[in-house]
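**Q** What follows is a predicted protein model with its sequence.
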Amino acid sequence: MKTTLLTVGLLIISNVFMTMAWYGHLKMQSLGWTKSWPLFAVILLSWGIALLEYCFMIPANRMGYVENGGPFSMMQLKVVQEVITLTVFTIISVFFLSGEKLHWNHVAAFLCLVGAVFFVFMPTGNK
């Protein structure tokens, strides 16, 4: 259970950095912080943030992977990662980046991903 929580925690932290690397520069531009920056400078900034993402993502995947003593298969890690990605992105985009509103179709899409988690953790009978 400890490894599961640590893996998920590291994935959450990683996704905060990922969201900021991928979309944070757009908020910085709208605030005027990087508006006059050339594209290569914005890319370098995002790469620097993405480096922090990898510092959490790689350990999470290594410790969480079943062949390294973790609780997750590779497929389970990926699906859990995608749900965390969408959750973190939604929270950050609604409250911090652009103030976008959630609509019914966003909630429906999220519920489909939750369904994916359910199905990927179902026993297959192949062990």
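**A** Structure's in. What do you need?
**Q** how close does K101 sit to I92?
**A** Per CB to CB, to the nearest Å, K101 is found 14 Å from I92. C-beta: built from backbone N, CA, C; applies to glycine.
**Q** can you pull the buried residues of the lowest-mean-pLDDT helix or strand in the chain?
**A** None of the helices or strands of the chain scores lower by mean pLDDT, DSSP states H and E than helix 104-120, at a mean of 85. Buried residues in helix 104-120, defined by neighbour count with 16 or more other CB atoms under 10 Å: L113, V120.
**Q** helices or strands next to it in the packing?
**A** helix 74-92 (3 or more CB pairs under 8 Å, 6 or more residues apart in numbering; DSSP states H and E).
**Q** thinking again about what came up before, who has more neighbours out of K101 and I92?
**A** Taking other CB atoms under 10 Å, K101 and I92 do not tie; I92 has more neighbours (18 against 7).
**Q** Check what pLDDT the spatially closest residue to that one that is not a sequence neighbour gets.
**A** Leaving aside its sequence neighbours, I92 sits nearest to T19 (CB to CB, 6 or more residues apart in numbering; 4.9 Å). The model reports T19 with a pLDDT of 93.
**Q** Same question for T3.
**A** pLDDT recorded at T3 is 94.
**Q** separation between it and K78?
**A** T3 is 17 Å from K78, by CB to CB.
**Q** try P59
**A** If you go by CB to CB, the gap between P59 and K78 works out to 16 Å.
**Q** Check T19 too.
**A** 18 Å.
**Q** what residue ranges in the chain score low on pLDDT?
**A** Where the chain drops to pLDDT under 70, the residues are 126-127.
**Q** at 90 instead, please
**A** 1, 23-28, 30-31, 79, 82-83, 86-87, 89-103, 106-107, 109-127 (pLDDT under 90).
**Q** Which helix runs longest in the chain?
**A** Identified as the longest helix of the chain according to DSSP state H is helix 39-64.
**Q** That one packs against which elements?
**A** Here helix 39-64 touches helix 2-19, helix 25-30, going by 3+ CB pairs under 8 Å, 6+ apart.
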